[in-house]
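# Sharing a sequence plus its predicted fold:
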Amino acid sequence: MNSDPSSLCFSRRQSLAAIGAAAGGLLLPSAAAASSASPLIQGKAEHVISIWLGGGMGQIDTFDPKRRGDPAAKKAGSYYAAVDTAVPGVQVCEHLQQLAPLMDHVTAVRTVNHEVIDEHAAATNRMHTGRAVTGTVLYPSLGSIVANQRGAASDGAPPYVLIGYPNVTRGPGFLGANSGYLYLTDTSQGPAGLSRPPEITDQRQSRRERFLANIGDDAAAITDRRVRDYQDAIKQSLKLSGPDFNRAFQLTQEPDALRNRYGGEFGQRCLLSRRLIERGVRFIEVSHNLNFLNGAGWDVHNEGILNQHELIREMDTAVSALMIDLQEKRLLDKTLIVITTEFGRPPEFDSAGGRGHQGRAFSCVLAGGGLSHCGAYGETDELSKTIVADPVSVPDFFATICAAVGIDYGKYLYDGDRPVPVTDNGNPIAKLFA
């Protein structure tokens, strides 16, 4: 656990107990025990691989299929046929053929919801921080919270890696640079800035490090946390620039057959994520909106939906390969795979046969991580438009992830002297920990 005093936190249960004591006088021990919250749920996962589907994956065309629709006739419904899975009664889209037999290790949470509907940036922020944008607090992303609370799993690795383009919604917010990410956009090159330019000789590098060390001698006198965080980030960069960690990015060390099983660039990102957790990275986000195979990514308005199946198949290939690979290396129970997106899509078709946005009911996916998987959780109506049973708010979904990796989802972090709940008071899906 991160012992940095800047990340000092206490539990929501303790805070509520203290408030109750102040408001109502002293509680007898038995009364205090009776008023306490239910026992903390904690899983045993050690790592998170979070797959981000930028644009808005349509739940009705992937993990929550319903009756077939017809864009030409403007009949609402699924774009594709459904297939059975390893879990009786649970079906997925026909283009998830490789994930279907693995669904006993997967839970498609079909009732995630938020009030953000039309705006991609706001919904992306919500699905990374769990909260609405405010003008007073810069909230940390889930990846930064996990990095802050758990740290790296080994000394020679960063706690948080982003495989995709950097963005403030993925960042540490008020937690500071120590909880930030290392990022790369090309699996053939590794992170920019970690490899030493050819003109920097060992002698020049040593001289630079001595200079930085001299500056660091005054660190004890620095009270500004932001400056100390920046200095710590420099130290970490120097540590990670060596050959040991950089070997993680040499995908050519993997057998050709395995690399081919993962597929194209997105698949190679998933393969790299497995190599990174083996070296001790705690949280990895893998972005899947990189190739835009259909010209629009997952944002399938109008004609963008025509080749949506290519995106679904690419995800199916890569995620199934990742699950099998982790299982063969006995890492699946230690690694929680998460699939998230801004929002879902409505069952109705637009004027050109595509779909709009829907935030009131959509699917996010959990796999592995030692959870008690059930194929699907929550129920939507006959067109996946309205939640019928077991709604899951974004804070609840985040609390489930935090619980899976042993983080107290009831904690409060501090932005200065302002307490901020880790998951905006979310509660985990208890059934997955039974």
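In hand now; what should we look at? Numbering: from 1, shown residues only.
# Would it be right to say that L271 lies in a strand?
No: L271: not assigned to a strand; according to DSSP: H, G, I helix; E, B strand; the rest coil it is helix.
# what's across from the residue nearest to the spatial centre of the chain in the sheet?
Centroid-nearest residue in the chain, with C-alpha atoms, centre = their mean: S50, separated by 3.5 Å. As for beta bridges, S50 partners with E285, V338 under DSSP bridges.
# and it, what does it touch?
Counting by C-beta atoms under 8 Å, 6 or more residues apart in numbering, S50 touches L142, G143, F283, I284, E285, V286, V338, T340. Using the backbone N, CA and C atoms, a C-beta is placed for each residue, glycine as well.
# again, only using 10 Å
For S50, the residues meeting the contact criterion (C-beta atoms under 10 Å, 6 or more residues apart in numbering) are 128, 141-143, 146, 162, 170, 273, 283-287, 336-340, 401.
# pLDDT wise, what is it at?
Per-residue pLDDT puts S50 at 98.
# residue contacts, K431?
For K431, the set of contacting residues under the criterion of C-beta under 10 Å, 6+ apart consists of T107, L371, S372, H373, C374, Y377, D390.
# hang on, it in a helix?
Yes: the assignment for K431 is a helix, going by three-state DSSP.
# Which parts of this protein are helices?
Along the chain, the stretches classed as helices by DSSP state H are 12-24, 29-35, 120-129, 142-150, 202-216, 225-240, 243-246, 256-262, 265-278, 308-328, 394-404.
# mind checking how far the third one is from the chain centre?
So the one you mean is helix 120-129. On the basis of C-alpha atoms, centre = their mean, to the nearest Å, helix 120-129 is displaced by 12 Å from the centre of the chain it belongs to.
# same for it, what does it pack against?
In this structure, helix 120-129 packs against strand 47-53, helix 142-150, strand 335-341, helix 394-404, with contacts taken as 3 or more C-beta pairs under 10 Å, 6 or more residues apart in numbering; DSSP states H and E.
# report the angle between the axes of the first one and helix 120-129?
So the one you mean is strand 47-53. Strand 47-53 and helix 120-129 meet at an angle of 170 degrees, taking axes from the mean of the first three to the mean of the last three C-alpha atoms, to 10 degrees as the criterion.
# ditto for the longest one
Direction vectors for helix 394-404 and helix 120-129, defined by the same axes, to 10 degrees, enclose an angle of 30 degrees.
# okay if I get the helices and strands packed on helix 120-129 as CSV plus distance to G297?
Converted to CSV, the helices and strands packed on helix 120-129 look like this (distance: least, C-beta to C-beta, whole Å):
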stretch, distance to G297
strand 47-53, 8
helix 142-150, 21
strand 335-341, 10
helix 394-404, 21
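# Could you list the low-pLDDT ranges of the stretch 251-400 of the chain?
Judged by pLDDT under 70, the stretch 251-400 of the chain has its weakly predicted residues at 291.
# swap the cut-off to 50 and go again
Applying pLDDT under 50 to the predicted model, the stretch 251-400 of the chain contains no residue that meets it.
# Between the contacts of K431, which sits nearest S154?
Ranked by distance to S154 (C-beta to C-beta), these are led by L371 at 23.8 Å.
# okay, how far is it across stretch 346-353, tip to tip?
End-to-end distance of stretch 346-353: 12 Å, with C-alpha to C-alpha, to the nearest Å as the criterion.
# Can you mark which positions in it are buried?
P346, P347, E348, F349, G353 (16 or more other C-beta atoms under 10 Å).
# close enough to count as contact, the last one and P71?
In other words, G353. Yes: between G353 and P71 a contact is recorded at 3.5 Å, counting by C-beta atoms under 10 Å.
# Which residues are in contact with each of these two?
Common contact partners of G353 and P71 (C-beta under 10 Å, 6+ apart): Y79, I305, L306.
# Weed out the non-buried ones from those residues.
When the shared contacts of G353 and P71 are checked for burial by 16+ other C-beta under 10 Å, the buried set is Y79, I305, L306.
# got these as JSON lines, with distance to R207 columns?
JSON lines is the format used below for these (distance: C-beta to C-beta, whole Å):
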{"residue": "Y79", "distance to R207": "61"}
{"residue": "I305", "distance to R207": "57"}
{"residue": "L306", "distance to R207": "58"}
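# Between the residues you listed, which sits nearest D155?
Among the buried ones among the shared contacts of G353 and P71, and counting by C-beta to C-beta, the member closest to D155 is I305, at 47.2 Å.
# Quick check, Q91 in contact with V83.
Yes: applying C-beta under 10 Å, one finds Q91 in contact with V83, separated by 6.2 Å.
# Quick check: neighbours shared by those two?
Taking C-beta under 10 Å, 6+ apart as the contact rule, the neighbours common to Q91 and V83 are P65, A100.
# among the helices and strands packed on helix 120-129, which is nearest D256?
Ranking the helices and strands packed on helix 120-129 by proximity to D256 (C-beta to C-beta) places strand 47-53 first, at 22.7 Å.
# and the angle for that closest one with helix 308-328?
Angle between the axes of strand 47-53 and helix 308-328 is 170 degrees (criterion: the same axes, to 10 degrees).
# Just the pLDDT for L240.
Looking at L240 specifically, the model assigns a pLDDT of 60.
# where's the residue nearest to the centre of the chain relative to N289, distance?
Applying C-beta to C-beta, to the nearest Å, one obtains 14 Å for the distance of S50 from N289.
# Check R330 too.
31 Å.
# Tell me which of the two has more neighbours.
Relative neighbour count places N289 above the other of R330 and N289, with 18 against 8, counting by other C-beta atoms under 10 Å.
# Please name the residues that touch the more buried one.
52-55, 164-165, 266, 296-299, 311, 341.
# Whichever of these end up buried, select them in ChimeraX.
The command below creates a ChimeraX selection of those among these that count as buried (16+ other C-beta under 10 Å):
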select :52,53,54,55,164,266,296,297,298,299,311,341
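# Redo the contacts of N289 as CSV? Include distance to A121.
Putting the contacts of N289 into CSV (distance: C-beta to C-beta, whole Å) gives the following:
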residue, distance to A121
W52, 14
L53, 16
G54, 11
G55, 12
G164, 15
Y165, 14
F266, 22
A296, 17
G297, 14
W298, 15
D299, 12
L311, 21
T341, 14
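# which one of the contacts of N289 is nearest N425?
The shortest approach to N425 among the contacts of N289 belongs to T341, at 23.2 Å (C-beta to C-beta).
# doesn't F362 make contact with the closest one?
Yes: under the criterion of C-beta under 10 Å, T341 makes contact with F362 at 7.2 Å.
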